[in-house]
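Visitor: need coordinates for the below:
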Amino acid sequence: MENYFKGWKNYANFSGRARRAEYWGFWLGNGLATGLLGLISDNLSGLYTLVAIVPFISCGVRRMHDVGKSGWFLLIPIYNFILAVTEGEKGSNQYGDDPKHLEVNL
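Guide: Model (predicted):
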């Protein structure tokens, strides 16, 4: 749940990097929220999806940055999934400091 809320805190932040845990935690949280709201009402599910699209894209862009790629790589089917499950670059890259290293040293 922490990673789900971290995605919402960075609502429209398209810079920096996101670890795999943050990306997949946010992905899972959105899936559960959409599913639960869908059980109540399809309209609520659709509304939630519209609200969550910007933070979901921003989290994906930061995930691509973590592996050293541009956020535009989200548009390439299958390859974007491969990048999303790939371990991020160790140390700093052109998109910022390594978030895994930052969390370990805090």
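Visitor: can you pull out the helices in the protein?
Guide: 2-9, 20-40, 42-66, 79-85, 99-104 (DSSP state H).
Visitor: I'd guessed residue 89 sits against residue 67; true?
Guide: Yes: here residue 89 reaches residue 67: they are 6.4 Å apart, a contact under CB atoms under 8 Å. From N, CA and C alone the C-beta is placed, and that goes for glycine too.
Visitor: among the helices of the chain, which is nearest residue 73?
Guide: Nearest of the helices of the chain to residue 73, taken as CB to CB: helix 42-66 at 4.9 Å.
Visitor: mind showing which ranges of the chain have poor pLDDT?
Guide: 102-106 (pLDDT under 70).
Visitor: what sits against the nearest residue to residue 3 once chain neighbours are set aside?
Guide: The shortest distance from residue 3 to any non-neighbouring residue, by CB to CB, 6 or more residues apart in numbering, is to residue 25 (2.6 Å). By CB atoms under 8 Å, 6 or more residues apart in numbering, the contact list for residue 25 reads 1-4, 6-7.
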